[in-house]
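>>> pasting the sequence and the predicted model now:
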Amino acid sequence: MKNLTLVVMLLCYSFASSSGDSTIHTNNWAVLVCTSRFWFNYRHMANTLSLYRTVKRLGIPDERIILMLADDMACNSRNQYPAQVFNNENHQINLYGDNVEVDYRGYEVTVENFLRVLTGRHENAVPRSKRLLSDEGSHILLYMTGHGGDEFLKFQDAEELQSHDLADAVKQMKEKRRFKELLIMVDTCQAATLFNQLQSPGVLAIGSSLKGENSYSHHLDSDIGVSVVDRFTYYTLAFFERLNIYDNASLNSLFRSYDPRQLMSTAYYRTDLYQPHLSEVPVTNFFGSVMETIHTDSAYHAFSSRISNSKIKSDTPFNQPFNQLSEQDVKEDLQNTNNQNDELKTEKQKCPYSEMRADLHEKLKKIENVDTMVNLSIAVMILVVMVSSSLL
Amino acid sequence: MPVLDLGLIFRTSPIDPDLIRGKSQPLFPSGVAEGYWLKQASMSPYAGSMYHGSPLLLSLLGPLTVQRIKGQPSHLFCSLVFVIADILSAMLLRGIGHKLQMAYGLNARLLGLLKSPRDKEGILPSGDIAALVYLWNPFTIVCCVGLSTSPIENMAVILALNGAVTRRVPLAAFGLVMATHLSLYPAILTIPVIFLLGYGLDAPPLKLFLQTRNVESDNRSSTSSASKQAKLKPTAHLPFLWRTVVHFVFWVLVWSLCVLVLCGLSLSKHGGLEEMFKRTYGFILSIEDLSPNIGVFWYFFAEVFDFFRSFFLIVFHVNILFMLLPLAIRLKHRPCFLAFIYLAISSLLKSYPSVGDSALYLSLWALFVNELAVDMKFSFFLFCGYLGVSLLSPVMHNLWIWRGTGNANFYFGNAIGYACFQIVFVVESVSAMLNHDRALKKCNPNHQEVKN
């Protein structure tokens, strides 16, 4: 009896623990977004390129990185070092090396495109390199930097992404099973407000500052003439430069490494939607790409069933019933309101004047060709005018 | 008149309206085609955002926008209708001018400024001039070709004035009701029309006639009621013909009732009269549409905060209203001129000005060449100003919207310049007219001089 209950409890526990996580972690994706343009926002570009370099170094290939840069700093006419982007005044690392693939550049970085990337709702002609082809076993790192504020992030100086837009997109992603876990990292002013509205499970979010706080740049490079990196990203990079691909540093150690005095803001992270303990999650779950390797001596065989389970489900079965439902709902709503209007009209028919008016209305409704009647009446009016003006 | 025929031929030549509408600035708020299409699709014609006019206009003009003849440019019928409207307006203007000219000559003879009834030297045929100015005004031509509804609105206003001047009360009432129905602002013309019907045509102030009577000793027969009264009574009070005015009010009520009933009929399925008032008058009063036009309000209301929006709406509309009373008091002896000034002010300060309005008041100005042409000081400056503004305006619009090398300020600067020129024009006209009256007063004791 005891054994039975134990087995049942174990089953239940395994059910509970894997209720949301029945899929296994198969791949890592990174979506790195820089939303600012103009030369004085050099540091945002440097932030994003630094993260790009880091995740590439730690193993995520270009096919699984979506890099969105809103402006071109490397080849900007104000750049003294053409085709070079630095994130430190010592100019030791050129972030814009030989191997940078920018997927969305310049004016393509818009809120619409960003949300399309996240939700996967592209037009037919969008190439694969611009799509986030994640599946239900993906861990996605979403890094955004730029200028932000209370519950918004500014894109391109012309539009803004609001926190509820982001939450909606994440919710859609969850519905369409486009991620297993999502880490959102935001480096802007009042960054923590951007993920206020998130509700989907499996999402971990960290922002560089709280509501009412600004995020500051780290230092000014007097040679280039602008600030080259932000504090939050600088200390993130400092953490990662100490790592290599085999390290087991946990997210907890990353998040604990942020010192509010050095950042001049409070790096706030939100773990209520994220089940696993942060100290047990290695950073390479998001920032790197550690694949499970199966050592085999024999020749290459067909894939095992474990890997073939995680296919990407196509979008169309989801879209069609949704659209049909919405059309039917709209029609039903219209009919309901019409019925209500008729009911209201019948209630008013109590006093004789309104009865007369109602009768008139019904007669008018029965007259089909109102237009010719109106035209005839106008003609009659003009005739009367001419006759009366010639007589009187 | 052969000159009028020339105007007709010029108008019916196949000028492509799309060229003007497409490339030039949006002077032409013509959503008639859209309204008609929506109506045919059993929707309210106001469901789209383009049509904000009268449903009667829609049922008259709507079918014309759709019919085509093979081999002819599209919208041929519409253009024909507008050409006919313009020609009718010109003929009515000629009628008004004729009457005004007669009144001018009569008054001049009564004041002893002209020696004999045959002496018509120096009195310009203001009616013909006004008709020509109207037909040949580039603004009118552009409006006609660009298929805006201004020709029909202008025709209604001129109809009202003609009816008032020729004392055909039902016609005046019809014109006024139609003009107010089509756009809200001609409602202010009730005042000059009532003055025209009550007091008679434009005449110098009554005091001049009394002075003349005191100086002259012989009796002359005359038909002007003003001079008759001056002979009979020593006190200076012009009689007000209440009967005619009551007649006029009665006809206004009759026509308004007809129009409202017809509009209610045609909109019975789509929300009725309230919908119409909300969409036509409400649209004019609340300035919802901020697309650029030759006026100055769109720029202002694009940047005003919502908190202050209703305040500024009230201010701008009262701006027209508070000018009505002082002008009426000062110019009540010249009701036709008062109508011209009201039209000029309303076309300057209305919600969505267009060049069709200035076409109208420029031709009405031409009715008063006899009094104004001598005294107006800045005529060359104004002429150059109007010309420059109308030439630069499409250029600035192109620079702003199509090329992107300019911005809204270019076009708006133009609109401000246009407004300034209009203001100078109005002020100059009024002061020229008042100077004319003062000059009459001065040269009255020496009535042997002939004043032109």
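Sure thing, it's come through.
>>> and the helices in the stretch 1-150 of chain A?
Taking DSSP state H, counting those that start in this stretch as the criterion, the stretch 1-150 of chain A carries its helices at A:2-17, A:42-57, A:111-119.
>>> is any part of stretch B:91-103 close to chain A?
No - judged by CB under 8 Å from any CB of the partner chain, stretch B:91-103 stays clear of chain A, getting no closer than 11.5 Å. In short, each C-beta sits where N, CA and C put it, glycine included.
>>> lowest average pLDDT across the helices of the stretch 1-150 of chain A?
When the helices of the stretch 1-150 of chain A are compared on mean pLDDT, helix A:2-17 scores lowest, with a mean of 56.
>>> for the stretch 101-250 of chain A, which residue gets nearest to chain B?
Using CB to the nearest CB, the point where the stretch 101-250 of chain A gets nearest to chain B is A:Tyr107, with a distance of 14.1 Å.
>>> for that residue, give me the pLDDT.
As predicted, A:Tyr107 sits at a pLDDT of 91.
>>> run through the residues of the stretch 201-350 of chain A sitting next to chain B.
Within the stretch 201-350 of chain A, no position is adjacent to chain B by CB under 8 Å from any CB.
>>> need phi/psi at A:Ser200.
Comment: the main-chain dihedrals of A:Ser200 come out as phi -80, psi 140, following degrees, to the nearest 10.
>>> what's around the nearest residue to it once chain neighbours are set aside, how many residues?
Counting by CB to CB, 6 or more residues apart in numbering or on different chains, A:Lys174 is the residue found nearest to A:Ser200 once chain neighbours are left out, at 4.1 Å. By the other CB atoms under 10 Å in any protein chain shown criterion, the neighbourhood of A:Lys174 contains 19 residues.
>>> A:Leu254 now?
Taking other CB under 10 Å as the neighbour definition, A:Leu254 ends up with a count of 22.
>>> helices and strands around the helix or strand hosting it, which ones?
Here A:Leu254 is covered by helix A:251-256, with elements defined by DSSP states H and E. Other elements packing on helix A:251-256 under the criterion 3 or more CB pairs under 8 Å, 6 or more residues apart in numbering or on different chains; DSSP states H and E are helix A:231-241.
>>> now the helix or strand just after the helix holding A:Leu254: how far from the chain's centre is it?
Per DSSP H and E, helix A:251-256 leads on to helix A:260-263 as the next helix or strand towards the C-terminus. Here helix A:260-263 shows a centroid-to-chain-centroid distance of 28 Å under the convention CA atoms, centre = their mean, to the nearest Å.
>>> in this structure A:Ser138 contacts A:Ala30, no?
No - using CB atoms under 8 Å, A:Ser138 makes no contact with A:Ala30, being 10.4 Å away.
>>> buried residues, stretch B:326-337. List them.
Residues of stretch B:326-337 classed as buried: B:Leu327, B:Ala328, B:Leu331, B:Lys332, B:His333, B:Arg334, B:Pro335, B:Cys336, B:Phe337 (neighbour count, 16 or more other CB atoms under 10 Å in any protein chain shown).
>>> go on, stretch B:46-61?
B:46, B:50-61.
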